[in-house]
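1. model this:
(one chain, ligands or ions: 1)
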Amino acid sequence: MNVGESAMAFTSKQRNLFPEGLSSFPSEYTKSSLGATSSTQSYCTAPASSTGSIISASIAIATRKRKPRYRDHGRVSTWIEGMRAASPPRVAILKTATCSGARKVLPDTQYNEWVAKHPSALATFESMMEAAKGKQMVLFLDYDGTLSPIVEDPDQAYMSEAMRAAVKEVAMNIPTAIISGRGRDKVYEFVQLAEIFYAGSHGMDIMGPAEACNGLKADGLKSKDEKGNEVVFFQPATEFLVMIDEVYKTLEHKTKNIVGAKVEHNKFCVSVHFRRVEEKNWQLLAEEVEFVIKQYPKLHVTQGRKVLEVRPTIHWDKGKAVEFLLKAFGLANPHNLLPVYIGDDQTDEDAFSVLNKEHIGYGILVSSAAKATGAAYSLKSPSEVMEFLHCLVRWRSKF
Ligand SMILES: O=P(O)(O)OC[C@H]1O[C@H](O[C@H]2O[C@H](CO)[C@@H](O)[C@H](O)[C@H]2O)[C@H](O)[C@@H](O)[C@@H]1O
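-> Next up is the predicted model:
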């Protein structure tokens, strides 16, 4: 699914679809193209067979004489601390010796306390769905760490066939979108499902079928893809394409001698991966990012799981993408809506905030360790996410 990057003019009717934040963009940014734990049997018990400008030329830093390194120890050390806290280990299993010498496995108290505040979406499925009756559910899924397990090499973050089947099935019943930090094309390559919406680059690159398979009709912002199919298409940050490309090349060059460092081009943003870099070199890598980014006042850095993400400073994030998609589907009346957002990362918190602000839907954090989050519910792992998707399909098939 590819759409040309040429500018698309919006009619005033189409502009009405924009979430409020977008219509208030500074003009330089807007030259865009377009509780019950036991009663889970009915829906939640898996069947035996289930497996479950654009940059100004003045910022041509590549040709600029290098100044003495600016060391913002504050920001760099915050990143490093975040890096250590990211990708927390699996739930700590505390072992203690008993008087007989045997080792007894104790539960992780901290995690248990956290789960009491963010209950398992599987254990509380029935009560969650009680509130969904009569409402239009819309499902938003993050990709890495949610649909695919976190792996060392970002290019190898494949989704299992079983997960693909689960997403496909749920999308046949509930409008579904995947919202990822990755480039949209890359996520599509991994997921390979034409019937769902994709919002790549943290929501800055949205595309999906104009008529979703579940009968809902998307409205406005339509375009044609390469095959001539009508699609909903929206990119609020096209002005930054050249700048991002330049930053990608600069970062790749500057980090090429840091063993394990990887710079990933995500179209409207750039990821700098720390996962395979020795911890003693994290500071060096973070300083390189800081040094380059200092030259680009229109870009900022956010942090994910052992990754720094360089992004355009526009009022747009995964939360805005959720608002946009709900409006694009004509689903703006919060009383009839039940958006469910499942994600594992810091950037997913923007989406949880939107649901909290509107007092609608369910945010579900995927984590096997206690973490600060705005999500009301939790799931431990991508395999629990898959189980939850199966539960949704069984629940939906009753209506
Ligand atoms: O919004 P997401 O779909 O969660 O994407 C966020 C970033 O995910 C990827 O990086 C993460 O997953 C990699 C593969 O498991 C892992 O190696 C890395 O450490 C994680 O940070 C992706 O590569 C990034 O570009 C995304 O921004």
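2. torsion angles phi and psi at the residue in the stretch 51-200 of the chain that the ligand sits nearest to?
-> The ligand sits closest to G181 of the stretch 51-200 of the chain, with a gap of 2.7 Å, by C-beta to the nearest ligand atom. For every residue, glycine as well, the C-beta is placed using N, CA and C. Phi and psi for G181, reported as degrees, to the nearest 10, are phi -80, psi -20.
3. do the same with V307
-> Dihedral angles (degrees, to the nearest 10) for V307: phi -150, psi 140.
4. tally up the residues packed near it, please.
-> The local packing of V307 (other C-beta atoms under 10 Å) involves 23 other residues.
5. sorry, back to before: the spatially closest residue to the residue of the stretch 51-200 of the chain closest to the ligand that is not a sequence neighbour and E279: what is the separation?
-> Spatial nearest neighbour of G181, excluding adjacent residues (C-beta to C-beta, 6 or more residues apart in numbering): H202 at 5.1 Å. Distance, H202 to E279, by C-beta to C-beta, to the nearest Å: 27 Å.
6. could you list the low-pLDDT ranges of this protein?
-> 1-73, 86-107, 212-222, 332 (pLDDT under 70).
7. can we see that at 80?
-> By pLDDT under 80, the low-scoring segments of the chain are 1-73, 85-108, 210-226, 228-230, 328-335, 399.
8. and the residue of the stretch 51-200 of the chain closest to the ligand, what does it touch?
-> Contacts here follow C-beta atoms under 8 Å, 6 or more residues apart in numbering; on that basis G181 touches D144, S201, H202, N266, C269, S271, G304, E309, D345, T347.
9. go with 7 Å
-> Residues in contact with G181 (C-beta atoms under 7 Å, 6 or more residues apart in numbering) are H202, N266, C269, S271, G304, E309, T347.
10. near the ligand, list only the ones from the residues you listed.
-> N266, S271, G304, E309, T347 (C-beta under 6 Å from any ligand atom).
11. wait, is the second one part of a strand?
-> So the one you mean is S271. Yes. Counting by DSSP: H, G, I helix; E, B strand; the rest coil, S271 is located in a strand.
12. before we move on, back to that, out of the ones next to the ligand among the contacts of G181, who's the most crowded?
-> That'd be N266 among the ones next to the ligand among the contacts of G181, by other C-beta under 10 Å, with 26 neighbours.
13. quick check: residues of the stretch 251-399 of the chain near the ligand?
-> Residues of the stretch 251-399 of the chain lying near the ligand (C-beta under 6 Å from any ligand atom): E264, N266, S271, H273, R275, G304, R305, K306, V307, E309, D345, T347.
14. leaving out the residues flanking it, which one is nearest to the fourth one?
-> What that stands for is H273. Per C-beta to C-beta, 6+ apart, closest to H273 is K262, 4.1 Å.
15. now do the contacts for that neighbour.
-> With C-beta under 7 Å, 6+ apart, K262 has these contacts: P154, H273, R276.
16. switch to 8 Å and redo it
-> Contacts of K262 by C-beta under 8 Å, 6+ apart are P154, V272, H273, R276.
17. got it, and A199?
-> With the criterion set at C-beta under 8 Å, 6+ apart, A199 makes contact with A177, I178, I179, S180, R184, D205, I206, K318, A321, L325.
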